[in-house]
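# show me how the following folds:
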Amino acid sequence: MPRPPSFDEPDVDDKPEWVRSLPRLDDSDRGSEKFERSYRNRLEMLLSLDEMVAGLMKEMDVAGNLENTYVFFTSDNGFHLGEHRVYLGKRTAYEEAVRVPLAVRGPGVPAEASVKETSLNIDFAPTFAELAGVSVPEFVDGRSLVPLLSGMPPTSWRSAFLIEHWSGDGGQPLETPTYAGIRTDAYKYVEYDTGEKELYDLSSDADEVQSFPEGTDPALVDGLSSRLESLKYCAGQTCREAEDGS
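Numbers count the residues shown, from 1 in each chain. Sure thing, here's the model as predicted:
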């Protein structure tokens, strides 16, 4: 199992109180061998998923529909396996919970190509609508990913997006406080309803082990906070404008 610097993070003094209160993973029943077992079980589960996808591709090929069908392979959320001491959770603002895979095949999609532009799950509805030739309602927040599928992305694309969570719905091993955050290519800034804040320079700290690194410019924080406010209360076109920074 991969163990990034954030795994069982030794120093969490820079983190909000809910993280500081988490014990190290070797305490009591939170031993790292349980994460190893969970990780292996997940990989084994993916074997059956791989077989299912292969079966679907074969059936579409036999039916003569494979070459005119788009296939999107993704997930609804990421998951913690001990990063930042988080014991089996998915509701944080950290990269482990936020990032998910997205692979697409279909007409006009070049093989083995990749794009760096940020896509979100709110983009699926307008994407599927455009591929089906259906108009997109004005209230939809996302944008179509069709321009990215050709391998020739547009010159202008979103430069930030909103991350948010409301606590109190239960059912999780860990209750994360309510928060709203903004993620750009270079930074992640999070505001909790407790009044606590986090800021990470993702260009130099992709594992998010140092919040508010030394020398942080207050103007940077003010700018991210202001842009976060725009993203929190946007809808439809105003969301796309806030993501673009316009």
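
# quick one: the strands in the protein?
71-74, 102-105, 160-165, 179-184, 187-192, 197-201 (DSSP state E).

# need those strands in JSON lines (columns: distance to residue 88 and mean pLDDT).
Where C-beta positions appear, they are placed from N, C-alpha and C, glycine not excepted. Output for the strands of the chain, formatted as JSON lines (distance: least, Cβ to Cβ, whole Å; pLDDT from 0 to 100):
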{"stretch": "strand 71-74", "distance to residue 88": "21", "mean pLDDT": "94"}
{"stretch": "strand 102-105", "distance to residue 88": "23", "mean pLDDT": "95"}
{"stretch": "strand 160-165", "distance to residue 88": "16", "mean pLDDT": "96"}
{"stretch": "strand 179-184", "distance to residue 88": "19", "mean pLDDT": "98"}
{"stretch": "strand 187-192", "distance to residue 88": "21", "mean pLDDT": "98"}
{"stretch": "strand 197-201", "distance to residue 88": "21", "mean pLDDT": "98"}
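
# want to throw the ones you listed into CSV with mean neighbour count?
Below are the strands of the chain laid out as CSV (neighbours: other Cβ atoms under 10 Å):
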stretch, mean neighbour count
strand 71-74, 13
strand 102-105, 14
strand 160-165, 19
strand 179-184, 22
strand 187-192, 22
strand 197-201, 20
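
# closest one to residue 210 among those strands?
Taking Cβ to Cβ, strand 197-201 is the member of those nearest to residue 210, at 7.3 Å.

# mind listing the strands the closest one pairs with, and their directions?
If you go by DSSP bridges, strand 197-201 pairs up with strand 187-192 (antiparallel).

# now the angle from the strand it pairs with to strand 179-184?
170 degrees (axes from the mean of the first three to the mean of the last three Cα atoms, to 10 degrees).

# circling back to that earlier point, tell me which of the strands of the chain lies nearest to residue 18.
Of all those, strand 187-192 comes closest under Cβ to Cβ, at 8.1 Å.

# before we move on, back to that, wait, which of the strands of the chain is closest to residue 17?
Per Cβ to Cβ, nearest to residue 17 of the strands of the chain: strand 187-192, 9.0 Å.

# returning to what we had before: now the strands of the chain in a markdown table, with distance to residue 132?
Formatted as a markdown table, these follow (distance: least, Cβ to Cβ, whole Å):
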| stretch | distance to residue 132 |
| --- | --- |
| strand 71-74 | 13 |
| strand 102-105 | 15 |
| strand 160-165 | 25 |
| strand 179-184 | 29 |
| strand 187-192 | 34 |
| strand 197-201 | 38 |
